[in-house]
Structures are given as structure tokens and as C-alpha cells.
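*Asks:* A predicted structure for the sequence below; I have some questions about it.
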Amino acid sequence: MSRIETIEDERAFANTLRVAGDAGLTKIHVFPYSPRPGTVTAGDDPVTPELKRSRGARLRAASHDACIARWRTKIDREDVVLVDRPGRGYGDDYSPWLVGRELPVGTLVHVRGAAVSEEGILAA
């Protein structure tokens, strides 16, 4: 069995960031690679824990920025939101909305985006 080197260098990581951006990904769940006992790479992980943390943080930051940018496209636009808990719900693209009023869970409400917070889109 031949072993193929698959070390992620900075160029490969930059490509990961580019592809995520080009694809319009707004929510990226980041897990660093870690060798598993009994596998070909069990004792051979050349990427330091510090570099894994740094790259993970950069990818999460890119995801966050893309998410906020996507939410901003909802300002002054209408959407239909399913209320999943008091004062909050999700649009049809799973964007979180803060509806700011008490509506029964399960209600569909028509909203217009007014602003964006770290928690979601504020409904007018």
C-alpha cells in the first residue's frame, strides 16, 4: 500500500478559504484533522496544534463574515419566518430572525429586514 502525502500547507488552506467564499458558504462547522490510532497517519501529524487552531479560527471568521453579509442582503426585503421560540424564528433559507414580538411557536409571519445583529436579522 503506497502512502500519499496530504499535508495541508498554507496554499492549500488558502484554497479552502477561497472555495468556501466562492461557494457562498455561510455556516461552516470546523473540525481539525487528528490522526487516529491504527491508521496510516497515526503517529504522523506534521500540522501543529497551534496552526490547526489558527486555521480553524480563520475559517470560522470567514464563515461568520459571510453569514453577516448574507443577513445584510435581507435588509429592506420581505421574508416569511417560522417562529420556533418566542421572539425568534427562521426564514426559508434558515436565516435567523428576531421578530421582536410574542407570537405562538409554529406561526408563520411576514417580516421585513430592518437591521442585523450578531444574533440574526431584526424584523421591522
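*Replies:* The structure has been received and is ready for your questions.
*Asks:* any idea how this protein splits into domains?
*Replies:* 10-72, 78-123 (automatic domain parsing).
*Asks:* tell me the most buried of those domains?
*Replies:* domain 78-123 (a mean of 15; mean count of other CB atoms under 10 Å). C-beta coordinates here come from the backbone N, C-alpha and C atoms, glycine included.
*Asks:* Can you check the distance spanned by that one, start to finish?
*Replies:* Distance between the two ends of domain 78-123: 9 Å, counting by CA to CA, to the nearest Å.
*Asks:* For the domains of the chain, could you give me a markdown table that also reports mean pLDDT?
*Replies:* Converted to a markdown table, the domains of the chain look like this (pLDDT from 0 to 100):
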| stretch | mean pLDDT |
| --- | --- |
| domain 10-72 | 89 |
| domain 78-123 | 95 |
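*Asks:* List the residues that contact the residue nearest in space to the middle of the chain.
*Replies:* Centroid check for the chain by CA atoms, centre = their mean gives K27 as the closest residue, at 1.6 Å. The neighbours of K27, taking CB atoms under 8 Å, 6 or more residues apart in numbering as the test, are S63, C67.
*Asks:* That concludes my questions; thank you for your assistance.
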